[in-house]
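Chemist: Provide a 3D model corresponding to the input given below.
(one chain, ligands or ions: 2)
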Amino acid sequence: MPKIDDIIARARTENRTYLLEHESKTIIQTYKLPVTQFKIAETEDEAVKAADTIGYPVVLKILSPDVIHKSDVGGVIVNVKDADAVREGYQSIISNVKKHVEKARIRGIFVEEFAPAGVEVIIGAIKDPQFGPALMFGLGGIFVEVLKDVSFRVAPITKYDAQEMLQEIKGYPILTGVRGQEPRDTGALVDILLKVSKLVTDYPSINQLDLNPVFSYSKGAKCVDARIILEESN
Ligand code: ADP
Ligand code: MG
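Modeler: Numbering: from 1, shown residues only. Ligands and ions are numbered 1, 2, ... in the order given. Next up, the predicted model:
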């Protein structure tokens, strides 16, 4: 698709393999994945204008080719409630990032819709030199980091594979509803897995894709962060 080809070509001319959040989100949006609404601001005034258009509260994030893990460097502020807070947040993100990564090239600030909390899941794809792209599914936070409670399948996957990937993890009951929690819309997660499978199969130049986190709701789901890493060469 031309839009995706353009984004990849631009990264190539800039010698980047890391696609910025808006680039990654535009790509997955092209495959009809549910994504939080976003705008890019290069000045404080633009950030306020973007937040006014999106509606409060918003989330502010750093956009820099030198920052891959944005919250590790103070590059993410959630639940920003009004224009004054946007101005303040804009400046503090820039100063936080400069403190951590002295020479960071800052492309601007990402202004994003604040998504209501959901069960956090991770959907990813990583390329195995032997088997090609494989998909990953897990619950977010400690489930992935500490318990390594994840499932994998080589792409392309079927709907049945995607359903199995969900059911295979130990934390599956969290999705079906425990302790009076509403059951999650697992169909929406299956749909995301299938679309990611298609995307990484269609675009072999994608080496790695991370949707971390995806918020899972009782109806639907939303990708609040997206990161794509390209292959080193074409
Ligand atoms: P990174 O993974 O690069 O540190 P993220 O974009 O994942 O940055 O943001 C860090 C955390 O902030 C997320 O794990 C999520 O909990 C929260 N967050 C990010 N974007 C949003 C959003 N649009 N709405 C609500 N919460 C968000
Ligand atoms: Mg993230």
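Chemist: can you tell me the helix or strand for the nearest residue to A83 once chain neighbours are set aside?
Modeler: Closest residue to A83 apart from its sequence neighbours, by C-beta to C-beta, 6 or more residues apart in numbering: V48 at 4.8 Å. Any C-beta I mention is one placed from the backbone N, CA and C, and that applies to glycine too. Following DSSP states H and E, the helix or strand that holds V48 is helix 44-54.
Chemist: so who does the one residue in the chain that gets nearest to ligand 2 touch?
Modeler: Ligand 2 sits closest to D225 of the chain, with a gap of 3.5 Å, by C-beta to the ion. Contacts were defined as C-beta atoms under 8 Å, 6 or more residues apart in numbering; by that measure D225 touches E21, D210, L211, N212, P213.
Chemist: what does the chain have sitting close to ligand 2?
Modeler: Within reach of ligand 2 by C-beta under 5 Å from the ion, the chain has these residues: N212, D225.
Chemist: Dump the helix or strand of the chain with the lowest mean pLDDT to PDB, restricted to CA.
Modeler: Ranking every helix and strand in the chain by mean pLDDT, DSSP states H and E puts helix 142-145 at the bottom, with a mean of 72. What follows is helix 142-145 as a C-alpha-only set of coordinates in PDB (Å, rounded to 0.1, in the frame of the first residue of the first chain):
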ATOM      1  CA  ILE A 142       4.200  -8.500  35.100                       C
ATOM      2  CA  PHE A 143       2.500 -11.300  33.200                       C
ATOM      3  CA  VAL A 144       4.900 -10.900  30.300                       C
ATOM      4  CA  GLU A 145       7.900  -9.400  32.100                       C
END
